[in-house]
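Engineer: return atomic coordinates for the entry below.
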Amino acid sequence: MLDLKKAKSAGSYREFKQTASFEKYIRFESQTLLNLASNDYLGIATSRNLRDEFLDTVKAMDVFFGSGASRLVYNSSEAFYNLENWFESRFQKKALIFNSGYSANLGIISALADPKTLFIADKLIHASMIDALQLSRANFKRFAHNNIEALSRLLELHHSEYETIIVLTEAVFSMDGDFADLPAMIALKKKYPNVKLYVDEAHSFFALHELGLSRALNLDADVDFILVTLSKALGGSGAVFLCNDEIRQILINSARSLIFSTAIPSIDVAWTHFVLSKDFSARRQILHDSIRFLELSDSQICPFIVGENEDALLLSRKLLQQGFFVPAIRPPTVPLHTARLRISLRGDITPEELASLKEILDAYKAAHAG
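Structural biologist: Numbers count the residues shown, from 1 in each chain. Sure thing, here's the model as predicted:
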């Protein structure tokens, strides 16, 4: 059980913030701030114009705010099949909708785990993947973040001991904002017939590239399993898992987070399909421009490492006073002594609007150099 007094004294205590977000802004402590803490990378989730247009289009559709049952009991709408068909028409894989990225990873990895399977995971994969490995008591090893040599050594050491090895990685990592070396991972995978690759595209799909990093690199056919989260750049809720037909059937029959959860509302599924029909290339260009302007990362996730918890909290408070909402991220979410600001860029916030933010961060770096 967590020691609350210790957490408070260490500066790692958390509590809910009373906020309200709309468009690119967030209301917090009686201020209206630019929201740089969101996974809404294209500014879709809280867009009033998109919301209103969508609600006009669905009036004649049989989609609803509740689903009424697990999907294995019945579907409340054809929206589920329409969205899965959209993904299947663009990827040479079968698609399966889950309620969230967390429940998807939990259910899928647990269903794939057995004594003959070994998972080899990047050290910085999503908490949902780690929880799934631990709760399912799966056989697993972890390798140093993005260290292809370490992964290679583990594959060489263990490939003959298991019927199947599944390598787990994110495409764009959620706290560091860096990219997995997918070409190198696929080259390694091809050396061993029993090795498969599972790529979580939660922070990459629809953001910098419409169909994610695997497709942008023309590698999606070589990735065995792709998880797409619908709640980040797409601004909705749920997740879609892409795999072969056999695995899809196995998951329908054994993924507990799918079987025993009431399905997400069909109106949420229809919203995702609506968003996918729109062209957001202009916002993606703004996102690329902002990444180059800020010079902190190659992706829209820009970590600014401060070190200690209290220092990160103080810098976050300073940015708040200047009109920027950028909460501090502290252990255990990130390793000890790497407390940071996690700046999430958006396609509806321009580089010009980030100018004073960059000045503050540059001054902080100069003052703490060495």
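Engineer: so A111 belongs to a helix, correct?
Structural biologist: Yes. Counting by DSSP: H, G, I helix; E, B strand; the rest coil, A111 is part of a helix.
Engineer: distance check, it against F225.
Structural biologist: 12 Å (CB to CB, to the nearest Å). The way it works is simple: take the backbone N, C-alpha and C, and place the C-beta from them, glycine included.
Engineer: what does I305 give?
Structural biologist: 31 Å.
Engineer: higher neighbour count, the two?
Structural biologist: Taking neighbours as other CB atoms under 10 Å, I305 and F225 compare with F225 leading, 21 against 14.
Engineer: residues contacting the more buried one?
Structural biologist: Residues near F225 by CB atoms under 8 Å, 6 or more residues apart in numbering: I108, I166, K196, L197, Y198, V199, F241, L242, C243, I247.
Engineer: where does the chain dip in pLDDT?
Structural biologist: 370 (pLDDT under 70).
Engineer: just the helices in it please.
Structural biologist: 4-9, 48-57, 79-90, 101-112, 127-135, 148-158, 182-189, 212-216, 245-254, 256-259, 266-276, 281-294, 309-321, 355-367 (DSSP state H).
Engineer: neighbours of A150, how many?
Structural biologist: 17.
Engineer: ok, now the one 5 residues further on?
Structural biologist: Other residues within reach of L155 by the criterion other CB under 10 Å amount to 21.
Engineer: renumber starting at 41 from here on
Structural biologist: Sounds good: first residue 41 from here, last item L195.
Engineer: residues in contact with it?
Structural biologist: I160, I205, V207, L228, K231, Y232, V235.
Engineer: of these - the most surrounded one?
Structural biologist: Neighbour max across these (other CB under 10 Å) = V207, 25 neighbours.
Engineer: that residue and Y238, how far apart?
Structural biologist: Applying CB to CB to V207 and Y238 gives a distance of 7 Å.
Engineer: in a markdown table, list the contacts of F265 along with distance to K272.
Structural biologist: Below are those laid out as a markdown table (distance: CB to CB, whole Å):
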| residue | distance to K272 |
| --- | --- |
| I148 | 18 |
| I206 | 23 |
| K236 | 24 |
| L237 | 21 |
| Y238 | 18 |
| V239 | 15 |
| F281 | 15 |
| L282 | 16 |
| C283 | 20 |
| I287 | 24 |
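Engineer: tell me which of those is nearest to E128?
Structural biologist: L282 (8.2 Å; CB to CB).
Engineer: okay, how far is it across stretch 258-265, tip to tip?
Structural biologist: 15 Å (CA to CA, to the nearest Å).
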